[in-house]
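1. coordinates only, no sequence provided:
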């Protein structure tokens with residue numbers, strides 16, 4: 001560790017990296033429980049792969065923005081610690097695979113040299129903040145939401161409120177009413193609005209995909225921009241306290257909101273406001289003008305002269321891949337990235353290109369593509385020539401032929417079928433047999449390797465979900481065909497219907513059947529969703545039913561796409577939620593760490609952070625004792641109530657503080673007081689005394705048997 005510790009300028013980041021290295025060492029020595037260690041590494045972006053002994057590292061890139069310098073750094077890290085492959089996710093992150101666990105602290109330190117982090121990219125945390133890749137250049141946007149997305153990212157990063165929740169939490173910012181950041185399927189979604197000359201947002205809460213998709217509720221038609229950060233913190237606090245922790249499948253925000261109701265949830269959020277460090281949080285818009293950088297870069301710069309040989313191909317590329325910007329004379333260029341995978345030998349020249357001839361900025365998109373921004377229109381022939389050298393001029397950006405897919409069984413523990421293999425085959429079908437769909441942006445095809453919907457198949461016009469299907473004693477890879485989902489705009493959307501399950505090798509024929517029927521029977525000008533609604537789910541089941549027959553499977557049907565061997569369903573332990581099994585001793589040790597963090601925050605003048613760490617220590621300590629009695633610890637609120645019932649009311653533990661003689665009175669001081677040095681100090685003392693009391697009680701119980 002000494003070789004890189006001194007190279008990290010930010011002491012907070014350095015401490016974080018050193019802590020990861022220490023916990024890895026303790027884990028290898030058998031001094032940290034495996035399940036508990038999993039939670040820690042996931043919160044540092046280190047995720048187990050299907051392949052044993054190696055890790056996937058997720059690089060957290062807020063709203064998908066990357067500078068030329070950062071892309072160079074990511075490429076260097078991928079070459080040094082991984083395989084040189086960069087995978088763009090549907091949350092605008094970059095994933096690299098096959099990384100040794102021991103090398104992850106060093107990898108992280110290298111990334112931080114260019115202000116790139118892996119913190120909270122996985123686990124039960126506030127995940128990457130996503131946004132429309134066109135934010136800032138969108139001709140339809142009321143204002144640029146980039147500063148707002150960045151403010152949310154920066155505010156929640158390392159924030160104690162969102163470190164150890166029951167499940168992950170996802171936030172998005174759309175650039176306009178087109179809602180390309182998919183607000184309706186997020187825990188919190190923001191759609192920009194201007195009202196009476198003021199900037200603000202339509203706010204949606206509690207959306208999600210997975211096996212039980214839920215459309216988010218509109219909780220504000222208009223919320224002023226300076227109130228979004230207090231709202232986010234309040235929502236996360238309530239989710240942390242009341243969200244399910246034991247039952248993974250019920251632990252997302254959507255289930256809590258369904259159970260509690262939006263009105264009661266918002267009442268609790270408002271109840272938290274007194275405890276927040278900010279009632280208003282102005283958004284700093286300085287430093288986000290990449291267009292100004294482009295103007296400076298290109299001032300007096302001579303346009304390189306190039307000769308376009310295939311002018312027809314160039315014109316087609318312009319029609320499908322070039323997007324006008326709101327800045328006059330400038331465009332953005334969409335790069336279609338097959339399955340979201342590209343390599344470092346292409347990344348570096350791409351970084352050099354945007355650094356020298358654009359705004360030194362690109363953005364990864366939610367459809368796993370790349371958008372180059374702030375390109376002067378007269379430079380398009382030059383960019384086309386340079387991108388052609390890299391193989392980055394394939395037409396059909398964001399079109400039907402631009403299929404979204406998760407990694408599936410390639411690397412993911414939860415993958416049931418190979419989503420990347422079928423995606424590549426279907427793109428070939430579209431390109432060769434349905435070239436008109438290279439220009440169609442109104443039909444989206446998405447594929448996931450399992451029900452968790454990382455490929456967002458539940459909100460596609462045409463979706464496929466990896467499954468298995470049994471024929472006698474044999475199991476074949478299969479696809480659930482889903483139809484009728486899509487984004488409607490302004491915070492509205494619809495989820496797909498499950499229509500029929502078919503053997504995976506019949507996926508191409510299913511797509512042909514659907515598109516051929518649409519062409520033959522769709523009314524003139526009728527969009528796909530209207531066509532689907534008119535025909536109905538049963539109609540599509542009937543035309544696809546023959547493909548579901550398992551009585552006539554061939555030997556090839558028992559092999560998944562891209563595999564020569566017979567299919568075996570091998571689903572590992574998923575780490576998407578970072579679910580852990582906590583030991584009592586480990587929990588008490590963690591309470592000590594939280595108290596230390598509360599003390600450090602107090603010394604640094606971070607009153608609200610200190611208070612939350614003290615609160616977390618109180619709940620954590622109570623949870624430890626409840627586990628020793630085999631009691632349920634599903635939610636923070638449940639822990640607080642049950643600890644009172646099992647230990648205080650029974651006279652086993654006494655509570656005697658200025659706040660009262662119940663455990664609820666002790667813990668809920670957190671939302672009854674404004675953050676101040678005096679209260680932070682008192683609350684820290686209460687938490688420390690409580691931990692000491694529980695340790696004494698626990699030791700006595702162990703002695704007496």
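-> Sure, I can see it. No experiment lies behind these values; they were computed from the predicted model shown.
2. SS state for the closest residue to residue 160 other than its chain neighbours?
-> If the residues on either side of it in the chain are set aside, residue 160 comes closest to residue 612, at 4.4 Å by C-beta to C-beta, 6 or more residues apart in numbering. C-beta here means a position set from N, CA and C on the backbone, and glycine is covered the same way. Judged by DSSP: H, G, I helix; E, B strand; the rest coil, the three-state class of residue 612 is helix.
3. so what's the residue count around residue 612?
-> 29 (other C-beta atoms under 10 Å).
4. can you give me the mean pLDDT across stretch 538-558?
-> Averaged over stretch 538-558, pLDDT sits at 92.
5. residues contacting that stretch, please?
-> 469-471, 474-477, 481, 483, 499-506, 509-510, 513-514, 517, 532, 566-567 (C-beta atoms under 8 Å, 6 or more residues apart in numbering).
6. please indicate which of the residues you listed are buried?
-> 469, 476-477, 481, 483, 499-506, 510, 513-514, 517, 532, 567 (16 or more other C-beta atoms under 10 Å).
7. chain center to the helix or strand containing residue 542, what's the gap?
-> Using DSSP states H and E, residue 542 sits within helix 537-544. Here the centre of helix 537-544 is set off from its chain's centre by 34 Å, with C-alpha atoms, centre = their mean, to the nearest Å.
8. ok, stretch 71-84 next?
-> On the basis of C-alpha atoms, centre = their mean, stretch 71-84 sits 21 Å off its chain's mean C-alpha point.
9. how about residues contacting that stretch?
-> For stretch 71-84, using C-beta under 8 Å, 6+ apart, the contacting residues are 57, 59, 66, 85-86, 94, 96-100, 103, 106-107, 110-111, 113-114, 116, 343-345, 347-348, 350-351, 362.
10. buried only: go through those residues for me.
-> Judged by 16+ other C-beta under 10 Å, buried ones among the contacts of stretch 71-84: 57, 59, 66, 86, 94, 96-99, 103, 106-107, 110-111, 113-114, 116, 344, 347-348, 350-351, 362.
11. report pLDDT for the residue nearest to residue 160.
-> At residue 612, the predicted lDDT confidence score is 96.
12. contacts for stretch 468-476 next, please.
-> Contacts for stretch 468-476 (C-beta under 8 Å, 6+ apart): 416-417, 477-478, 501-504, 550-551, 553, 557-558, 567-569.
13. what about 10 Å?
-> With C-beta atoms under 10 Å, 6 or more residues apart in numbering as the contact definition, stretch 468-476 has outside contacts at 416-417, 467, 477-480, 501-505, 548-554, 556-560, 566-569, 571.
14. can you say which of these are buried?
-> 416-417, 467, 477-480, 501-505, 548, 550, 553, 557-560, 567.
15. out of these, which are inside strands?
-> Counted as lying in strands by DSSP state E, out of the buried ones among the contacts of stretch 468-476, are 467, 477-480, 501-503.
16. quick check: nearest residue in space to residue 664, chain neighbours excluded?
-> residue 640 (5.4 Å).
17. what's the helix or strand containing residue 585 packed up against?
-> Residue 585 belongs to helix 584-603 when assigned by DSSP H and E. Secondary-structure packing of helix 584-603 (3 or more C-beta pairs under 10 Å, 6 or more residues apart in numbering; DSSP states H and E): helix 34-42, helix 607-628, helix 677-704.
18. I'd like the ones you listed as JSON lines, with distance to residue 220 appended.
-> Output for the helices and strands packed on helix 584-603, formatted as JSON lines (distance: least, C-beta to C-beta, whole Å):
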{"stretch": "helix 34-42", "distance to residue 220": "32"}
{"stretch": "helix 607-628", "distance to residue 220": "23"}
{"stretch": "helix 677-704", "distance to residue 220": "30"}
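19. any idea of the pLDDT on residue 250?
-> Per the predicted model, pLDDT is 88 at residue 250.
20. correct me if wrong: residue 637 contacts residue 237.
-> No - between residue 637 and residue 237 there is no contact under C-beta atoms under 10 Å: 11.7 Å.
21. shared neighbours of the two, anything?
-> Counting by C-beta under 10 Å, 6+ apart, the residues touching both residue 637 and residue 237 are residue 268.
22. which one of those two has more residues nearby?
-> When residue 637 and residue 237 are compared for neighbours, residue 237 comes out ahead with 25 against 17, by other C-beta under 10 Å.
23. host element of the more buried one?
-> helix 228-242.
24. now what about the helix or strand that that helix is followed by, what contacts it?
-> Once helix 228-242 ends, the next helix or strand along the chain (criterion: DSSP H and E) is helix 253-260. Contacts to helix 253-260, defined as C-beta under 10 Å, 6+ apart, come from residues 165-170, 185-188, 205-210, 212-217, 219, 235-236, 238-239, 242-244, 247, 249-250, 252, 264-268, 635.
25. the residues you listed in strands, which ones?
-> Going by DSSP E, the strands hold 188, 205, 217, 219 from those.
26. so who does the last one touch?
-> Spelled out, it's residue 219. Neighbouring residues of residue 219 by C-beta under 10 Å, 6+ apart: 188, 202-206, 231, 235, 257, 262-263, 265-266, 269.
27. ok, the nearest residue to it once chain neighbours are set aside - how many residues close by?
-> Among residues not flanking residue 219 along the chain, residue 205 sits closest, at 4.8 Å (C-beta to C-beta, 6+ apart). A count of nearby residues for residue 205, using other C-beta under 10 Å, gives 24.
28. please apply the same query to residue 335.
-> Residue 335, neighbours per other C-beta under 10 Å, totals 22.
29. same check on the one 3 residues further on?
-> By other C-beta under 10 Å, 17 other residues sit near residue 338.
30. ok, it touching residue 394?
-> Yes - between residue 338 and residue 394 a contact is recorded at 7.7 Å, counting by C-beta under 10 Å.
31. intersection of neighbour lists for these two?
-> With C-beta under 10 Å, 6+ apart, residue 338 and residue 394 have common neighbours 402, 427.
32. what about the strands in the stretch 51-200 of the chain?
-> Ranges of strands in the stretch 51-200 of the chain, per DSSP state E, counting those that start in this stretch, are 55-59, 65-66, 85-88, 94-99, 130-131, 171-173, 188-195, 198-205.
33. which residues are contacting the fifth one?
-> Residues external to strand 130-131 that are found in contact with it (C-beta under 10 Å, 6+ apart): 61-65, 89-93, 144-146, 148-150, 152-153, 170-175, 180-182, 186, 189-190, 363-366.
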